[in-house]
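K.L.:
Provided below for reference: sequence and predicted model.
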Amino acid sequence: MSWVTKTLSSTIGRKLIMALTGLFLILFLTGHVSGNLLLFKGDGGEAFNIYAKFMTTNPAVKLLSYLTYISIIGHVIFSIWLSKRNKSARPIGYGVSTPPSTTVSSRNMGILGTIILIFIVVHMQSFWAQMHWGDLPVVTYDGEQYKDLFSIVTFAFQNELMVIGYVVAMVFLAFHLSHGFASAFQTLGLNHAKYSPAISVIGKIYCILVPILFASMPVYIYFTQS
């Protein structure tokens, strides 16, 4: 049996993959939210449309996109496996209603992850798929044509249900990140008395700031583009 097979079939190996894919997805979220901040520029979507074209045509970015898709699939598959394993390891349940050393986020990572996965599917169908294969209007900047993804985004976020759903999903993302950030570093064995407090603070700031930035975008568009 190869070392790859051993890694994928062992609990430690699967936790390691969960941690690595989780940290990679955190990096993806950082880049994604940074690019989407162009929605606030107030230039009619020009900067955002140029950014969207770059993200879908640059070879290096496309390679990172494929790694992101693989990370999402791997993260979901192994999270489901680990959740089932944890439940089967304690079929009778705890003597008290909840383990005292766990948090709400850690006890519900499977549920949170499932909700976020549903959001990702809807999000990709609404925007990612439209950018790649949708019949989008075309705009021209400095003689070059661009798909007008901005018009699709503004149209979608003029729907109150879409805005509310997006904001609620970001609340779930915040809870998921609040446990996943610290858990990933712990799994990788990067706990250290000197650095762990700083990592904890950075994680708490990150799990609040990034979801707030994402959630603010549909709210901003709803009130400024309606």
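P.N.:
Yep, it's here. Numbers count the residues shown, from 1 in each chain.
K.L.:
what packs against the strand or helix carrying Val121?
P.N.:
Here Val121, judged by DSSP states H and E, is contained in helix 109-123. Here helix 109-123 touches helix 59-89, helix 160-187, going by 3 or more C-beta pairs under 8 Å, 6 or more residues apart in numbering; DSSP states H and E. C-beta coordinates here come from the backbone N, C-alpha and C atoms, glycine included.
K.L.:
From the chain's centroid, how far away is the longest one?
P.N.:
It refers to helix 59-89. The chain centroid and the centroid of helix 59-89 are separated by 11 Å under C-alpha atoms, centre = their mean, to the nearest Å.
K.L.:
which parts of it are buried?
P.N.:
By neighbour count with 16 or more other C-beta atoms under 10 Å, helix 59-89 contains the buried residues 68, 71-72, 74-76, 78-79, 82-83.
K.L.:
In TSV: these, plus distance to Ile116.
P.N.:
TSV is the format used below for the buried residues of helix 59-89 (distance: C-beta to C-beta, whole Å):
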residue	distance to Ile116
Thr68	14
Ser71	13
Ile72	10
Gly74	15
His75	10
Val76	9
Phe78	15
Ser79	10
Leu82	16
Ser83	14
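K.L.:
List the residues that contact the most centrally placed residue in the chain.
P.N.:
For the chain, the residue sitting closest to the mean C-alpha position, by C-alpha atoms, centre = their mean, is Leu29 at 5.4 Å. Going by C-beta atoms under 8 Å, 6 or more residues apart in numbering, Leu29 touches Val210.
K.L.:
Just the pLDDT for it.
P.N.:
According to the prediction, Leu29 has pLDDT 95.
K.L.:
SS state for it?
P.N.:
helix (DSSP: H, G, I helix; E, B strand; the rest coil).
K.L.:
again, but for Val139
P.N.:
Classification of Val139 by three-state DSSP places it in strand.
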